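> give me a 3D structure for the following:
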Amino acid sequence: MDMLSIEREIWEQGYKNIAFVDEVGRGCLFGDVVAAAVILPVGLRIEGVNDSKKLSAKKRESLFKTIKEKAVAIGIGRVSAEEIDRINIKNASKLAMKKAIENLVSIKGNSIIPDFIMIDAETIDINAPQKAIIKGDSLSHGIAAASIIAKVTRDKMCYEWAKDYSHYGLEKHKGYATKIHKEALIMYGASNLHRKSFLKKILRKG
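The predicted model follows:
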């Protein structure tokens, strides 16, 4: 499968700075939802880039470094658990994506404004032409690259959170609803970084 075919069509229309966008942590019980926006050089294909969920942690780390070295610009957007509870996860995910686009900077620290946006399965409230791609992280090289940046970034955040919230095993499950995580929630209750709106059924069982 040619993972550059969709973006190639857009490049051929004259757009040069395509921001590829994806998020991670949508289904987690703990912590921020994190989005990444990545602008890559026209025509660039990085060997091994695929949907981050299909890659080992070691492979993601390696590709993370390569993408950061080769990207025209990268932006990260975060929305907290408290905000997720307030506006719901769908709106929070879209807000994180918008923030990631607004935070796009080059390796030299210059702000970069994209002329086109390609997003995994969403459209967002931003003034630029955009295309939503269902399963974009499997079909588009650029969205897959964004998924890797978002996943590695959030995993690093989880390792940091785990130092202060050691009861929950965040370094293992990254905040998802695993058996270990649910048992810890029942035993210790929710922390201030848990998404309270996600926990009603779990804590009711406890």
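
> any weak-confidence spans in this protein?
Counting by pLDDT under 70, the chain has low-confidence residues at 1, 205-206.

> nearest residue to the middle of it?
Centroid-nearest residue in the chain: E23, 2.6 Å away (criterion: Cα atoms, centre = their mean).

> that one should be in a strand, yeah?
Yes. Counting by DSSP: H, G, I helix; E, B strand; the rest coil, E23 falls inside a strand.

> number the chain from 33, please
From this message on, residue numbering opens at 33, which makes the last subject E55.

> got the contact list for it?
The contact partners of E55, taken as Cβ atoms under 8 Å, 6 or more residues apart in numbering, are 65-68, 125, 128-129, 152, 182. (Glycine included, C-beta is placed from N, CA and C.)

> what's across from it in the sheet?
Note on E55: beta-bridge partners by DSSP bridges are A67.

> could you dump the contacts of E55 into a markdown table and include distance to K163 and neighbour count?
Written out in a markdown table, the entries for the contacts of E55 read as follows (distance: Cβ to Cβ, whole Å; neighbours: other Cβ atoms under 10 Å):
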| residue | distance to K163 | neighbour count |
| --- | --- | --- |
| V65 | 22 | 27 |
| V66 | 22 | 28 |
| A67 | 16 | 37 |
| A68 | 17 | 33 |
| S125 | 17 | 25 |
| A128 | 19 | 29 |
| M129 | 13 | 31 |
| D152 | 11 | 26 |
| A182 | 19 | 29 |
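
> could you dump those to a markdown table with distance to V111?
Putting the contacts of E55 into a markdown table (distance: Cβ to Cβ, whole Å) gives the following:
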| residue | distance to V111 |
| --- | --- |
| V65 | 5 |
| V66 | 8 |
| A67 | 8 |
| A68 | 13 |
| S125 | 8 |
| A128 | 5 |
| M129 | 10 |
| D152 | 16 |
| A182 | 12 |
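
> which residues of the chain fall in helices?
Residue ranges of the helices in the chain, as given by DSSP state H, are 37-44, 89-102, 113-119, 121-134, 168-171, 173-196, 202-205, 211-220, 232-237.

> so the first one versus helix 173-196, what angle?
In this structure, helix 37-44 runs at an angle of 110 degrees to helix 173-196, with axes from the mean of the first three to the mean of the last three Cα atoms, to 10 degrees as the basis.
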